[in-house]
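*Asks:* Predicted model, plus sequence, below.
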Amino acid sequence: YEFSLYKDGKIIDRRRANDFSDYEYTPVDSGAYKVTVTGTDSVSGKSVTVDSTDVNIFDPIIPGDFASKENMVEALQVLTWNITASGGEGDLKYSYTLYKDGEPVRSTGWDTGTSFVHKATSYGTYYVVANIMDSRMQTVSVRSNEILVTTPLTAKDISFSDDYAVTGKSITARATVTGGTGNYSCSFIIYCNGNEVVSSQAISTTEYTFKVPQGGNYTAKLIVTDADGKVVEITGGELNADEIATRGDANCDGTVSAADARYALRCAAMLITPEEGLDYAADLNNDGRITASDARKILRISAQLEE
């Protein structure tokens with residue numbers, strides 16, 4: 001058997017006659033291929049030639065890069081994926097399916113556009129699968145990179161645990177922080193009459209407890225940094241502080257009431273411990289301890305039975 005291989009009408013390979021009736025060839029280029037085989041009888045010397053049918057070899061569709069420039073964006077931004085592809089037969093067409101957190105949420109029909117655009121309105125992990133088709137209906141699919149869509153980093157509602165205090169009382173500044181990425185790094189700065197008096201190191205919580213260092217009007221600032229380096233600040237809160245507490249104001253809330261008598265009685269029964277340095281407000285007889293007698297006197301003061 002003698003085999004001759006033709007590509008687009010031109011001979012490109014020939015195998016000399018031998019006893020093997022099989023012929024193999026791996027095309028490296030697109031085109032129309034045909035094989036001619038001549039069979040010769042070794043005894044009579046007679047031969048016959050047969051042509052194969054044409055085999056059309058086409059270039060495969062080769063997807064290129066399919067990615068967005070961003071790996072992480074905030075919600076409400078426009079996401080764009082761009083794709084490149086080569087090969088195939090004729091004009092290439094594309095269709096796209098958008099996935100959010102692994103679930104398909106949007107698909108397009110076939111067209112020649114090589115970009116997919118989407119405005120993400122909610123946070124999650126997004127990616128796109130592009131389907132590429134040539135004029136012979138040959139298709140191939142490729143998946144894009146993932147984009148993490150986050151909610152904007154925001155801080156709001158900064159406040160103090162009380163609106164009144166005295167020097168030495170423990171007060172907590174707190175705020176609500178949402179959005180951003182990863183863990184937060186929070187720094188609190190406490191101001192009295194416009195001057196910084198207390199500040200925290202970078203902490204992972206949105207609450208900071210401090211002892212009031214002096215009388216005056218207090219506000220707080222919170223600086224929040226997320227894992228992506230985004231920073232947001234908020235200032236607010238209102239706290240008025242006196243240097244010392246009014247005698248009988250056992251819980252140091254700015255008024256003398258039955259609640260102070262109850263507080264003093266609980267201290268006398270050792271059910272609670274007054275904050276260090278503030279027990280003087282409930283020790284009305286100045287004997288160095290808080291007793292039921294102090295609680296009774298505070299109750300009479302609250303009822304305006306004595307001063």
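*Replies:* Everything's here; your move. These numbers were taken from a predicted model, which means no experiment stands behind them.
*Asks:* Quick check, S47 in contact with T40.
*Replies:* Yes. The pair S47 / T40 is scored as a contact, 4.1 Å apart, by C-beta atoms under 8 Å. Placement of C-beta: from N, CA and C, glycine included.
*Asks:* For the residue nearest to D111 when sequence neighbours are not counted, list each beta-bridge partner.
*Replies:* Computed as C-beta to C-beta, 6 or more residues apart in numbering, the closest residue to D111 that is not its neighbour in sequence is K93, at 6.2 Å. On the basis of DSSP bridges, K93 is bridged to M133.
*Asks:* list the contacts for K93?
*Replies:* Residues in contact with K93, defined by C-beta atoms under 8 Å, 6 or more residues apart in numbering, are W110, D111, T112, I132, M133, D134.
*Asks:* Pick the one among those closest to I158.
*Replies:* D111 (50.7 Å; C-beta to C-beta).
*Asks:* separation between the residue nearest to D111 and V37?
*Replies:* Using C-beta to C-beta, to the nearest Å, K93 is found at 39 Å from V37.
*Asks:* Give me the pLDDT for the residue nearest to D111.
*Replies:* You'll see K93 listed with a pLDDT of 96.
*Asks:* All the strands of the stretch 151-300 of the chain, residue numbers only.
*Replies:* 154-160, 164-166, 170-178, 185-192, 195-199, 207-211, 216-225, 231-242 (DSSP state E, counting those that start in this stretch).
*Asks:* Which strands and helices lie in contact with the third one?
*Replies:* Read that as strand 170-178. For strand 170-178, the elements it packs on are strand 154-160, strand 185-192, strand 207-211, strand 216-225, strand 231-242, judged by 3 or more C-beta pairs under 8 Å, 6 or more residues apart in numbering; DSSP states H and E.
*Asks:* Give me the contact list for it.
*Replies:* Under the contact criterion C-beta under 8 Å, 6+ apart, strand 170-178 has outside partners 151, 153-162, 165, 184, 186, 188, 190, 206-212, 218, 220, 222, 224, 234, 237, 239, 275.
*Asks:* Could you export the helices and strands packed on strand 170-178 to TSV, including columns for mean neighbour count?
*Replies:* Converted to TSV, the helices and strands packed on strand 170-178 look like this (neighbours: other C-beta atoms under 10 Å):
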stretch	mean neighbour count
strand 154-160	17
strand 185-192	19
strand 207-211	16
strand 216-225	20
strand 231-242	16
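*Asks:* Quick check: the two most widely separated of the contacts of K93?
*Replies:* Among the contacts of K93, D111 and D134 lie farthest apart (C-beta to C-beta), at 14.0 Å.
*Asks:* For the two, indicate the residue with more neighbours.
*Replies:* D134 (20 against 10; other C-beta atoms under 10 Å).
*Asks:* I'd like to know how far the more buried one sits from A67.
*Replies:* 22 Å.
*Asks:* R266 reaches A282, doesn't it?
*Replies:* No. With contacts counted by C-beta under 8 Å, R266 stays clear of A282, the gap being 10.2 Å.
*Asks:* More neighbours: the two, which one.
*Replies:* Each of R266 and A282 has its neighbours counted (other C-beta under 10 Å); A282 has more, 28 against 16.
*Asks:* As TSV, the strands of the stretch 151-300 of the chain with distance to L305 would be great.
*Replies:* Output for the strands of the stretch 151-300 of the chain, formatted as TSV (distance: least, C-beta to C-beta, whole Å):
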stretch	distance to L305
strand 154-160	33
strand 164-166	24
strand 170-178	32
strand 185-192	36
strand 195-199	39
strand 207-211	34
strand 216-225	33
strand 231-242	25
